[in-house]
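> Here is a sequence together with a model predicted from it:
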Amino acid sequence: MPQRSNDFQRLIHLIEATLTQHGVGVRESEMIVSRRGVPREVDIAVHLTNGPHNITIAVECRDRARPADVEWIDALIGKYDDMPVDKVVAVSRKGFTSGAKKKAGENGILCWTLEEAHQQDHWVNQLKTVAEIRTRAFTLERYTVVIAPPESGTAQAPDMENAVLHMPDGRSMSVRTAAMSVYHSSAILEQFHDIFTDNEVAETVQRAEIIVDLPPGTWIIDAQGLRYRAQKIELFGACRSHGRDLDYQPKTYAGKQIAHAGAKVGDLKINSVVTGSVAGASRVGIRIERLTPMAQHRKKADDQLEDA
């Protein structure tokens, strides 16, 4: 059965991961095997160590238009009756009915809610004036291969779409595959990153070229069988940047004040959580997801399910 999630669960996972200390594992949609040997999915599993003891806390999330009722608490009691977890936390966006709170308390389940904070520390207001997120997306727009004249035949440019590149180590691949392989290497991506990062011109699209020398003994053979010595690959990359101010809103979660902001930048969905202290903001958590057409369709279906 595929693992399921939704926006609220992903947000709670981000909050838990931001609030926890170093060395604490926070995993979303983790499969935990029950004492009967049956794997069960836990919305968020928090793993920590207390001296010689390993402790697992299960966090279950509910994003409905109404407060969570006693039926949901009953379902959690049944689910975790034979699960190897030390504590269960139920988190509901709309809170809990009085009956749900009573039943949860009788069974050792904590009830938490992500609430609007009625008071906010000074660091939340400071975030609203300085917080901005900027994304950069690198793409390879085109490439060319610098070649020497063929060993025989007329000196005409080969059809690169149908040509095959032969490496000295015996590997053979299409020219496009070779260009993409070079482009996606960590060294080349770092070079493009440094070029675009150092360029302070506030343009929506920046472009740069990187030339890569091919090792001696690299050949291109075209569809007619002519051999060309391949000397260099010229990569023409582009960087498309988007910026957006983050509107942090004060929240309270498990008695702690946090700030949350969400934004859509290009085709990316961004959630950010900041935890605070008297001395100021202390930790920042960011989750970035690419909004593919399938993901948007799945989100719409999840929203319809949650509203039911």
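Thanks, I have it.
> Low-confidence bits of this protein, can you list those?
1-3, 117-131, 150-156, 198-203, 277-281, 292-308 (pLDDT under 70).
> Can you list the buried residues in the longest strand along it?
What stands out as the longest strand in the chain, according to DSSP state E, is strand 227-245. Neighbour-count burial for strand 227-245 flags 227-230, 233, 235, 237-239, 241-242, 244 (criterion: 16 or more other Cβ atoms under 10 Å). (Glycine included, C-beta is placed from N, CA and C.)
> ok, Ala230 to Ala157 distance?
Counting by Cβ to Cβ, to the nearest Å, the gap from Ala230 to Ala157 is 13 Å.
> what does Ala68 give?
Taken as Cβ to Cβ, the span from Ala68 to Ala157 is 68 Å.
> So for these two, which sits in the more crowded spot?
For Ala68 versus Ala157, neighbours defined as other Cβ atoms under 10 Å are more numerous around Ala68 (25 against 9).
> for the stretch 101-250 of the chain, what spans make up the strands?
Ranges of strands within the stretch 101-250 of the chain are 109-112, 115-116, 132-147, 164-166, 172-174, 205-213, 219-221, 227-245, 249-253, based on DSSP state E, counting those that start in this stretch.
> Next, format those strands as TSV and append distance to Gly78.
As requested, these are exported to TSV (distance: least, Cβ to Cβ, whole Å):
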stretch	distance to Gly78
strand 109-112	12
strand 115-116	28
strand 132-147	42
strand 164-166	61
strand 172-174	55
strand 205-213	55
strand 219-221	66
strand 227-245	44
strand 249-253	26
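> Which of those strands sits closest to Glu289?
Closest to Glu289 of the strands of the stretch 101-250 of the chain is strand 132-147 (Cβ to Cβ; 12.1 Å).
> Mind listing what's buried along the closest one?
Neighbour-count burial for strand 132-147 [16+ other Cβ under 10 Å]: 133, 135, 138, 140, 143, 145, 147.
> How about stretch 205-215?
Neighbour-count burial for stretch 205-215 [16+ other Cβ under 10 Å]: 206, 208, 210, 212, 214.
> Between those, which sits nearest Gly266?
Gln206 (14.9 Å).
> Leaving out the residues flanking it, which one is nearest to the closest one?
The spatial neighbour of Gln206 that comes closest, neighbours along the chain excluded (Cβ to Cβ, 6 or more residues apart in numbering), is Cys239 at 4.6 Å.
> ok, now which ones touch the one you found?
The contact partners of Cys239, by Cβ atoms under 8 Å, 6 or more residues apart in numbering, come to 136-138, 192, 196, 205-208.
> Out of the residues you listed, flag the one nearest to Tyr253.
Ranked by distance to Tyr253 (Cβ to Cβ), those are led by Arg136 at 31.2 Å.
> Check whether that closest one really touches Phe196, as I assumed.
Yes: at 6.2 Å, Arg136 counts as touching Phe196 under the criterion of Cβ atoms under 8 Å.
> In TSV, list the contacts of Cys239 along with distance to Val273.
As requested, the contacts of Cys239 are exported to TSV (distance: Cβ to Cβ, whole Å):
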residue	distance to Val273
Arg136	22
Ala137	24
Phe138	27
Phe192	30
Phe196	28
Val205	31
Gln206	30
Arg207	35
Ala208	34
